[in-house]
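S.K.: I need the structure of the sequence given here:
(one chain, ligands or ions: 1)
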Amino acid sequence: MSRFMSERLQALKAYVPGEQPRRDGIIKLNTNESPFPPAPGVAGAVAQAAQDLRLYSDLSAKRLIELLAKTYGVTESQVIVGNGSDELLAFAFQAFGGGGLAFPDITYGFYPVWAALYGLDAKIIPLSPDFSVRPEDYMGIGRCTVLANPNAPTGRAIPPAALAEIAVSNPDRVLIVDEAYADFGEECALGLLEGHDNILIVRTFSKSRQLAGGRLGFAIGSEALIDDLNRVRYSFNPYNVNALTQAAGAAALEDPAYFNACLRAVIETRAWTASKLEELGFVVTPSQTNFLFAAAPGLTGGEYQRRLREKNIFIRYFDLPRIGNYVRITIGTQAQMERLIEATKELLS
Ligand SMILES: Cc1ncc(COP(=O)(O)O)c(C=O)c1O
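M.R.: Just a heads-up that it's a prediction; the model follows:
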């Protein structure tokens, strides 16, 4: 650290993203990307948009927001897009976290980092022993609550009715529902928007729409909440979503058949992988996401991760209290998961 770093930030512990190896021959199951390529129309749309790169990107992201509003049955003024959902979550923390935040002890590792970066008070609430969120812990808490639902890295979800109760019991605070993985689950909070003006849903194109490298996220909420987020955006970086990414996102949304086919493949392979791991003696948490949270028999999470890495299979391990025996395994293609199971059998034998 230089001697010039602002005093307020000197103790900041930055987020540590999963590794992004670029070598060939790796089975990359460590950062919950899709194993499939972007929708077939994406490359052409990006090439077309590249013709106009001389110009700044469309501030209103008109086409993309029109398509998102149509896809999710809301008005255009209820939608904002961001440079990954990370950016929109960070905007939401700034906009709504002033009266304090609450989130679980085991959840997306960026939440405590943003709280520290923006100097927000965060109440960390332990998940129950089976890693589920206890909705009653957030009732009447009087803080802006942030719940990844389904949660990461546990993969577990709570029903929309429980989210509604949390929102109703904290009427003067926003409930941020981070639905990065909701497309892989059975339920979502979209139906709660009407009737709950304090629920903000944040989603991403990184997991279910094959565009992690494009960096595109969106948030849906009441017009007033979206207006607040736009105020933060215009105070930071109005051109937050570049022209190539806007084109890529629109092309992805224009191909719902491809989106659904990729989702189905991941969900089927998830069920197959979970059953194979259970046959091998793993504890596998029920997953509503594109990853499995699992504990290997007789190995710590760190050991299992290291030994798979030697076989060029990358998974994610979190060296944290309560989850030291667990790893998070992204669902890849069926062939990749068959390779994972083979490698696991070899190293357990
Ligand atoms: C729960 C959760 N929220 C948000 C994100 C960020 O996604 P994005 O790529 O859209 O910034 C992730 C990424 O891993 C995540 O796991």
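S.K.: Mind jotting down where the helices sit in the stretch 201-349 of the chain?
M.R.: Remark: helices assigned in the stretch 201-349 of the chain by DSSP state H, counting those that start in this stretch are 223-234, 243-253, 256-279, 301-310, 334-348.
S.K.: In JSON lines: the ones you listed, plus mean neighbour count.
M.R.: Glycine gets a C-beta too; all of them are placed from N, C-alpha and C. Shown next, in JSON lines, are the helices of the stretch 201-349 of the chain (neighbours: other Cβ atoms under 10 Å):
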{"stretch": "helix 223-234", "mean neighbour count": "17"}
{"stretch": "helix 243-253", "mean neighbour count": "23"}
{"stretch": "helix 256-279", "mean neighbour count": "16"}
{"stretch": "helix 301-310", "mean neighbour count": "18"}
{"stretch": "helix 334-348", "mean neighbour count": "16"}
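S.K.: I figured residue 229 was touching residue 90, is that so?
M.R.: No. Using Cβ atoms under 8 Å as the test, residue 229 is too far from residue 90 to be in contact (10.3 Å).
S.K.: Contact residues of the stretch 201-349 of the chain facing the ligand?
M.R.: 204, 206, 212, 217 (Cβ under 6 Å from any ligand atom).
S.K.: Can you give me the pLDDT of the first one?
M.R.: Spelled out, that is residue 204. Looking at residue 204, its pLDDT reads 98.
S.K.: before we move on, back to that, so for residue 67, which of the helices of the stretch 201-349 of the chain sits nearest?
M.R.: Closest of the helices of the stretch 201-349 of the chain to residue 67 is helix 243-253, at 4.2 Å (criterion: Cβ to Cβ).
S.K.: I'd like to know which elements the closest one is packed against.
M.R.: Applying 3 or more Cβ pairs under 8 Å, 6 or more residues apart in numbering; DSSP states H and E, one finds that helix 243-253 contacts helix 42-50, helix 62-72.
S.K.: Tabulate these in CSV, adding columns for distance to the ligand and mean pLDDT.
M.R.: Below are the helices and strands packed on helix 243-253 laid out as CSV (distance: least, Cβ to the nearest ligand atom, whole Å; pLDDT from 0 to 100):
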stretch, distance to the ligand, mean pLDDT
helix 42-50, 16, 98
helix 62-72, 14, 98
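S.K.: Could you identify which of those is most buried?
M.R.: Counting by mean count of other Cβ atoms under 10 Å, helix 62-72 has the highest mean neighbour count of the helices and strands packed on helix 243-253, with a mean of 17.
S.K.: Which strands and helices lie in contact with it?
M.R.: Under the contact definition 3+ Cβ pairs under 8 Å, 6+ apart, helix 62-72 sits against strand 79-82, strand 217-220, helix 243-253.
S.K.: Quick check: residue 135 touching residue 168?
M.R.: No. Using Cβ under 8 Å, residue 135 is not in contact with residue 168; the gap is 11.2 Å.
S.K.: if we can go back for a sec, can you redo the helices and strands packed on helix 243-253 as a markdown table with distance to residue 345?
M.R.: Listed next are those as a markdown table, based on distance: least, Cβ to Cβ, whole Å:
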| stretch | distance to residue 345 |
| --- | --- |
| helix 42-50 | 37 |
| helix 62-72 | 42 |
